[in-house]
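>>> Compute the structure for the input listed below.
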Amino acid sequence: MPNIKLIGVAASRTFRNIWMVEELGAAYTHDPIHYTDPALKTPAYLAINPNAKVPMAVIDGTAIFESLAINIYLAEKFGGALAPSGAEERGLVAQWSLWAATAVEDDLGKWAYNTMFLPEAERDPKLAAECLARVQTPLAVLDSVLAKQAFLVGDRFTVADLNVACVCYRLLPMELADKPNLKRWLHAAWARPAAITARRARGDKV
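Residues are numbered from 1 along each chain as shown. Sure, this is the predicted structure:
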């Protein structure tokens, strides 16, 4: 029986890892510490993540941090359809996960903060517009790839799809009329039962 502990409030990137363990059907414990909690700087948490940030996890005694890395590790360790099969798929899983983190996440996050999360007086509409415009290029790349294949790696939903869909979470309420393949793939991913469980854990009404 695997021993999986996820650390971090669900209304953070920890919900990405909740989705993953729910896909695996694995039992886990959850320490819902908030990302602003000073306790993250105490020795017990710093031993798991010296950056004092969530999410982090302890999986069969192995401490690991960074949400997308945690998901890749879980897939590799416990196998199944979500796991890469062979070196080629491992490379593609890493490719798409790193691509999402470097090409999409920063601009999409800044757009969300400056349109939804920051107090209105602190928002920067110019920055939000610039970020939204800039992220269109990588999103068009993703749409073009998904025009030719149903999934990012192989012929099935894998941790690559899960990781990229997590990064693209803020796109869900957008029309995406000019990116129909991305829209189809994204909504299908987030309609999975494990994804719905993760969204409900973070407080979404789905």
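
>>> If I follow the layout properly, residue 192 ends up in contact with residue 82?
No: look at residue 192 against residue 82 with Cβ atoms under 8 Å: they stay out of range, at 10.8 Å. (Glycine included, C-beta is placed from N, CA and C.)

>>> So which of those two has more stuff around it?
residue 82 (24 against 17; other Cβ atoms under 10 Å).

>>> That one reaches residue 24, doesn't it?
Yes: using Cβ under 8 Å, residue 82 is in contact with residue 24, at 7.3 Å.

>>> helix/strand/coil for the residue of the chain positioned farthest from its centre?
Residue farthest from the centre of the chain, counting by Cα atoms, centre = their mean, is residue 121 at 28.7 Å. Under DSSP: H, G, I helix; E, B strand; the rest coil, residue 121 falls in the helix class.

>>> Break the protein down into its domains, please.
Per the record, the chain has its domains at 4-78, 86-199, by automatic domain parsing.

>>> Could you pull up the mean pLDDT of the last one?
In this case it means domain 86-199. Domain 86-199 carries an average pLDDT of 97.

>>> do the same with the shortest one
Domain 4-78 shows an average pLDDT of 97 in the prediction.

>>> what's the spacing between it and its chain's center?
12 Å (Cα atoms, centre = their mean, to the nearest Å).

>>> ok, now the last one?
Taking the mean of its C-alpha atoms, domain 86-199 sits 9 Å from the chain's own mean (Cα atoms, centre = their mean).

>>> what's the span of it from first residue to last?
Using Cα to Cα, to the nearest Å, one end of domain 86-199 lies 31 Å from the other.

>>> same check, this time on stretch 170-190
Span of stretch 170-190 from end to end, Cα to Cα: 11 Å.

>>> Can you check which residues contact both of residue 192 and residue 82?
In terms of Cβ atoms under 8 Å, 6 or more residues apart in numbering, residue 192 and residue 82 are both contacted by the residues 23, 157.

>>> Mind listing what's buried along the helix ranked longest in the chain?
Criterion DSSP state H: the longest helix present in the chain is helix 125-146. Applying a neighbour-count criterion of 16 or more other Cβ atoms under 10 Å, one finds 128, 131, 132, 135, 138, 139, 142, 143, 146 buried in helix 125-146.

>>> So which elements touch that helix?
Where contact means 3 or more Cβ pairs under 8 Å, 6 or more residues apart in numbering; DSSP states H and E, helix 125-146 is packed against helix 105-112, helix 180-190.
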